[in-house]
Structure formats: structure tokens, C-alpha cells
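Chemist: Any chance you could fold what I've pasted below:
(2 chains)
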Amino acid sequence: MSVNQGSSVSPEAVFELINQMTAYEKEELSKLLDLKAIEKISQPENGRRRGDPKFYLGTTAKGLNLEIPAEKSANVFLLFLKEMAPQTIEISFSDPEEFKEVIVTPTAFQDLIESEPEYFHSRNVLIEMDNNEIVASGGECMSVLLNPVMMGQRKRLASKIVSACGYTHQFEREQFYAIVWDDEMEIREK
Amino acid sequence: MKRIVKSTISFYRLLIEHSLKPYEASPQHLLKRMLLPLCGQFNSLIKHGTKNDAWNVIQGFANECKILKHD
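Modeler: Residues are numbered from 1 along each chain as shown, chains lettered A, B, ... in the order given. Presented below is the predicted three-dimensional model:
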């Protein structure tokens, strides 16, 4: 992203650069600048915060949408396997060079994830487990289309995903999201 | 539905879902996680799909758009 816009620097661009810094760099910078003030003036008028959170889980019309840390994706794939308990798993790989489809057993899928937790990190895949569809981009950005049975268990599944990613919350309502920007989890349920 | 069709529609759904989130994802995220995979799908569709597949993809996109209107 370009920081310069003409001769000035936009607060959004500055905030985005700060967001890309390490925790140590942010701490050092906070000694010189009021980061909260920069964050405040960088927010769009519609109130939606800009940037990429550490964690996001939200309901969609037909399932869930997730942004999870890459290092937690293996946990989440194994959780899907356990909760959806499919007979077979169909994986479509969307590599730029080749579109490839494979069908694997649950055991083979589990072995793959356990032996190579980073397997999906550089891949874009559609994973089908008994009419549940998980589209995963780089293993961390996912849309999960749930079948009617799993849709009835969405709150429970979502709570378990939160747990698999190292946080704690039990969802109680039908529509919700959980988001983590720094350390604290923000929850909305309706 | 053929998987190449289903997969392409899935990445379009991922893009739509981002527009409904309570925050605005960074341009880099949209590019890397949604647009580039979607471009890859289009290339695969041209290489390995049929005209009928392409039509089914458009129909799938239209269905996802209905969800967007009613969300």
C-alpha cells in the first residue's frame, strides 16, 4: 500500500503501517506517538474498523466465516473432521497451474493434518465433508457452508472453534460474531 | 455440480461474505485470499471446464447475489 497521497499522508495509511509492526515496535512507537488517537482518526465514517484482525468468527446466511491464525488452522481442520464425522472427504485444490480433486478417508485426512500441520497454508482448497463445504484460502481465511444438521449445531461448533484457537466463549444466540484485534475478544450476539 | 464449478462459486461466496463483515479487510487480504484464488479458478475453468460449466458458475454467482440481497 502506498502511504503517500499527494504531498500528505493519510491517517488510514499510517494506522495500517502501525498494524503491520511487531508488538515490540508498537510499544516503542507508543512512547513517541498517541497510537489510540491515530487509530481513532483513521476509522472510516461508517464505523467499520479497517484492517485484518487476529481472529474473527461470524455467522453467515448458511454457516460461518472465519479468519484464524495460520498456526491454529490444523486444530480447526481436525475439529471439523471430528464434529462433521464424514464418511469420505473430497478436496478440490485450486492451484494456478492445475485444478486437482482427491477423495480421502477421514483417517488419511487426519494423518495428513497431523504429520503436516502447514499443509493447507499455501493452498486454496474446497473441502467437502458430508455436504458441509469448507472453502479455505491459505488455511486461515474460510467460509463454511453447513448442512442442515450442522446448522442446528452452529453455536456449539462456533464455540469449539473459538476454543481451538485459544480463546473462550460460549455463543448463546443465533447470530453472532467474535473478533480479536489485539488481545481482548469482542463479542456481538443477537 | 462439478467441483470446478462449486469451487469457483465458493471463492465468490468468500468475497461476498467479506463485504458483510463488521470490519473492512485490508486490500492485501482481499487480493491474496479472495481475488487471486478466484482468478486461479477462472483460469482453471478456461483450461479444464466447458461452456456449460461457465454458465453454471454464472448461475451460482447469481444465487450468491440473492443471498446478499436478503442478508
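Chemist: Now do the lengthiest helix in chain B: everything it contacts.
Modeler: As assigned by DSSP state H, the longest helix anywhere in chain B is helix B:51-70. Contacting residues not belonging to helix B:51-70 are listed as A:61-62, B:1-2, B:4-6, B:8-9, B:12-13, B:16, B:19-20, B:45 [C-beta atoms under 8 Å, 6 or more residues apart in numbering or on different chains]. Placement of C-beta: from N, CA and C, glycine included.
Chemist: residues of it that come out buried?
Modeler: The neighbour-count check on helix B:51-70 (16 or more other C-beta atoms under 10 Å in any protein chain shown) flags B:53, B:56-57, B:60, B:64 as buried.
Chemist: That helix: how far from the chain's middle?
Modeler: The gap between where helix B:51-70 is centred and where its chain is centred comes out at 9 Å by C-alpha atoms, centre = their mean, to the nearest Å.
Chemist: same thing with stretch A:114-128?
Modeler: For stretch A:114-128, the distance to the chain centre is 14 Å (C-alpha atoms, centre = their mean).
Chemist: Dead centre of chain A: give me the residue that sits there.
Modeler: Centroid check for chain A by C-alpha atoms, centre = their mean gives residue A:67 as the closest residue, at 1.0 Å.
Chemist: That residue and residue B:8: what is the separation?
Modeler: 21 Å (C-beta to C-beta, to the nearest Å).
Chemist: Same check on residue B:19?
Modeler: Separation of residue B:19 from residue B:8 (C-beta to C-beta): 18 Å.
Chemist: the more surrounded of these two?
Modeler: The neighbour count for residue B:19 versus residue B:8, taken as other C-beta atoms under 10 Å in any protein chain shown, is higher for residue B:8 (30 against 11).
Chemist: For the more buried one, which residues are in contact?
Modeler: B:38, B:41-42, B:44-45, B:57, B:60 are the contacts of residue B:8 under C-beta under 8 Å, 6+ apart.
Chemist: State the helix or strand in which it lies.
Modeler: helix B:3-19 (DSSP states H and E).
Chemist: pLDDT averaged over that helix, what's the number?
Modeler: For helix B:3-19, the mean per-residue pLDDT is 93.
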